[in-house]
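S.K.: Sequence plus the predicted model coming up.
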Amino acid sequence: MFCDASGMGFKPLDIFLPVGVSFFTFQSLSYTIDIYRGTIKPVDNIFDYAFFVSFFPQLVAGPIVRARDFIPQLYQPTFITKEMLGRGIFLIAIGLFKKAVISDYISINFVDRIFDNPSLYTGLENLFGVYAYALQIYCDFSGYSDMAIGIALLLGFRYNINFDSPYQSASITEFWRRWHISLSTWLRDYLYISLGGNRKGKIRTYINLMLTMLLGGLWHGASFRYVLWGGLHGIGLAFDKFINSLFKIKKNMLTRVLGVIITFHFVCFCWIFFRAGDMQIAGQVISQIFTKFSPQIFTSFVSGYAAVVFLMVLGFVLHFVPKSIEKKSEEFVTNLPLFAKVMLLVVTIIIVIQVKSSEIQPFIYFQF
């Protein structure tokens, strides 16, 4: 209005936002809100607060650490147990492999090509591109979280897990209990519950879920694509709660498997809008899948993208490994001699060097 009245052209400020600004902003908000609610007491020393906000492992891409979980650790003796060392090294190795081997390779050699120009590829290739992106973003983000948690353990601090095999979820509600747990619980505790949660009737509960997820989508970026992504998840959460209120679905292996398949494909459909550069690209991906599927090219697709398909299969197999096997693997690494632990990291780094491309692939969530 001022520019119109004065005849001056509007020139937006060329401001560089710091990497991960939303993450440490949410951390600071959790500290302020918890003090307001009386959950925690203010720290006596400003350097303790500064250490909480600036502690580097999770600083640029999460997990979002709560003040009530982290600050009490500042006043306890700092020591590193054998279990902390073993778990830290295990998580760093796993996180590095997920990010630098699986995520980066399928991104550069397949996902980016599909989403740059979907119309050049068949519907089958577009569908596998969506599956590949679902794996890419999981391995990228959970890989960072794993490394952040592992590094913190090596420094004597404990973080809560941020991912719990989310694609094993049998409902969208369960998915959000397993995906980016630090964000979903933050939105639940500081936004959803503040709006009234489920305390003001069913209709208000559905509205609160929608508002929470719409704002969660907006947190990822000021774009309609992200708002739509959040809105779809809000609809999914409300629908899930509505169905559960009407029917008592018998839980068995069959309903569990069907729930996992349906939930995974709903999440993948939503990922299309999250990854596409604009709504036109998203529309092209969906159109190609439903109108030009061409299943007959499956054999040539597998042979042409053999390495990508292999890493996709490996990634999803590792994702669906039972918790008991993961726990035993962690215990195995913990019980290794120190030299063997070092060699595990060295071998992981060698694999990364052999697989990596010449292009630097930043973490996806660096932009948020």
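M.R.: Looks like it arrived, so ask away.

S.K.: From here on, just use CA atoms for contacts and neighbour counts.
M.R.: OK.

S.K.: Check the offset of the longest helix seen in the chain from the chain's centre.
M.R.: In the chain, assigned by DSSP state H, the helix with the most residues is helix 123-154. Distance, stretch centre to chain centre, for helix 123-154: 7 Å (C-alpha atoms, centre = their mean, to the nearest Å).

S.K.: packing partners for that helix?
M.R.: helix 82-97, helix 104-106, helix 112-116, helix 253-275, helix 279-291, helix 306-319 (3 or more C-alpha pairs under 8 Å, 6 or more residues apart in numbering; DSSP states H and E).

S.K.: Out of those helices, which is closest to Glu174?
M.R.: Judged by C-alpha to C-alpha, the one of the helices and strands packed on helix 123-154 that comes nearest to Glu174 is helix 253-275, at 9.3 Å.

S.K.: what does the average pLDDT come to for that closest one?
M.R.: Mean pLDDT, computed over helix 253-275, is 92.

S.K.: Tell me which residues touch the closest residue to Ile89 other than its chain neighbours, please.
M.R.: Closest residue in space to Ile89, ignoring its immediate chain neighbours: Gly150 at 6.3 Å, by C-alpha to C-alpha, 6 or more residues apart in numbering. Applying C-alpha atoms under 8 Å, 6 or more residues apart in numbering to Gly150 gives the contacts 87-92.

S.K.: out of these, which is most surrounded?
M.R.: Highest neighbour count within the contacts of Gly150: Gly88, with 27 neighbours (other C-alpha atoms under 10 Å).

S.K.: ok, it touching Leu155?
M.R.: No. Look at Gly88 against Leu155 with C-alpha atoms under 8 Å: they stay out of range, at 9.4 Å.

S.K.: want to try JSON lines for the contacts of Gly150, with distance to Gly201 as columns?
M.R.: Output for these, formatted as JSON lines (distance: C-alpha to C-alpha, whole Å):
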{"residue": "Arg87", "distance to Gly201": "44"}
{"residue": "Gly88", "distance to Gly201": "44"}
{"residue": "Ile89", "distance to Gly201": "47"}
{"residue": "Phe90", "distance to Gly201": "45"}
{"residue": "Leu91", "distance to Gly201": "42"}
{"residue": "Ile92", "distance to Gly201": "45"}
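
S.K.: Check the secondary structure at Asp44 for me.
M.R.: coil (DSSP: H, G, I helix; E, B strand; the rest coil).

S.K.: that older thread, which of the helices and strands packed on helix 123-154 sits closest to Phe332?
M.R.: Nearest of the helices and strands packed on helix 123-154 (C-alpha to C-alpha): helix 82-97, 8.6 Å.

S.K.: mind showing which ranges of the stretch 251-368 of the chain have poor pLDDT?
M.R.: 357-368 (pLDDT under 70).

S.K.: Kindly recompute the last result at 80.
M.R.: Low-confidence segments of the stretch 251-368 of the chain, defined by pLDDT under 80, are located at 251-252, 355-368.

S.K.: Could you do the stretch 51-200 of the chain as well?
M.R.: Low-confidence segments of the stretch 51-200 of the chain, defined by pLDDT under 80, span residues 55-62, 197-198, 200.
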